[in-house]
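*Asks:* Have a look at this prediction, sequence included:
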Amino acid sequence: MRIALIAHDKKKDDLIQFVTAYKNTLVKHDLYATGTTGSRIEREVGVSIHKFKSGPLGGDQQIGSAIADNLMDMVIFFRDPLTAQPHEPDVTALIRLCDVYQIPLATNMGTAEVLLKGIEEGFLDWRLLEDRRDR
Ligand SMILES: O=C(CO)COP(=O)(O)O
């Protein structure tokens, strides 16, 4: 599965904690992230990850584009609901595309944990089957 990991600044510590806790599951998949989030994950958790541009510089849009091209299977996006973001339209667009393309999206740690448990149990393997059919 191709999994995007994104966190706003005040949520980055939470995401690092989450990725550390689920490292054994996550390393079995192709990991993607916005720039700053990805750098922190690589440095602090020690997993390799494809880094897009930083969110405010177009990274959210790049992940949205990957979703539109059927190149992303899950998005874990720890949003900061209490801080205005300069690139709010990009954030909204990314979330919208997850809904357009039925991409599982977690915007907080509680839901992210359920999705990762789902991956471990194979609940999302249907996406891989669909992928094979498309190619
Ligand atoms: O702003 C973001 C998501 O909207 C995250 O971007 P960074 O990972 O580059 O901080």
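*Replies:* Received the coordinates, thanks. Residues are numbered from 1 along each chain as shown.
*Asks:* What residue in the protein comes nearest to the ligand?
*Replies:* residue 55 (2.2 Å; C-beta to the nearest ligand atom). All C-beta spots, glycine's among them, are computed from the backbone N, C-alpha and C.
*Asks:* show me the contacts for the closest residue to that residue other than its chain neighbours.
*Replies:* In space, and not counting its chain neighbours, residue 55 is closest to residue 34: 4.4 Å by C-beta to C-beta, 6 or more residues apart in numbering. Listed by C-beta atoms under 8 Å, 6 or more residues apart in numbering, the contact set of residue 34 reads 6, 51, 52, 53, 54, 55, 59, 60, 63.
*Asks:* Might you report the residue contacts of the fifth one?
*Replies:* Residues near residue 54 by C-beta under 8 Å, 6+ apart: 34, 35, 36.
*Asks:* Counting neighbours, which bits of stretch 50-60 end up buried?
*Replies:* Applying a neighbour-count criterion of 16 or more other C-beta atoms under 10 Å, one finds 51, 52, 54, 55, 58, 59, 60 buried in stretch 50-60.
*Asks:* again, but for stretch 76-94
*Replies:* By neighbour count with 16+ other C-beta under 10 Å, stretch 76-94 contains the buried residues 76, 77, 78, 79, 85, 87, 90, 91, 94.
*Asks:* ok, so of these, who is nearest residue 47?
*Replies:* residue 76 (13.5 Å; C-beta to C-beta).
*Asks:* right, and that closest one touches residue 3 too?
*Replies:* Yes. Using C-beta atoms under 8 Å, residue 76 makes contact with residue 3 at a distance of 6.7 Å.
*Asks:* Please report the distance of the closest residue to residue 56 other than its chain neighbours from residue 34.
*Replies:* Residue nearest to residue 56 in three dimensions, not counting chain neighbours: residue 87, with 4.5 Å by C-beta to C-beta, 6+ apart. According to C-beta to C-beta, to the nearest Å, residue 87 and residue 34 sit 10 Å apart.
*Asks:* Overlap in contacts, those two.
*Replies:* 55, 60.
*Asks:* Compute the distance between the closest residue in space to residue 79 that isn't next to it in sequence and residue 114, please.
*Replies:* Among residues not flanking residue 79 along the chain, residue 107 sits closest, at 5.0 Å (C-beta to C-beta, 6+ apart). Look at residue 107 and residue 114: by C-beta to C-beta, they are 12 Å apart.
*Asks:* Brilliant, that's me finished.
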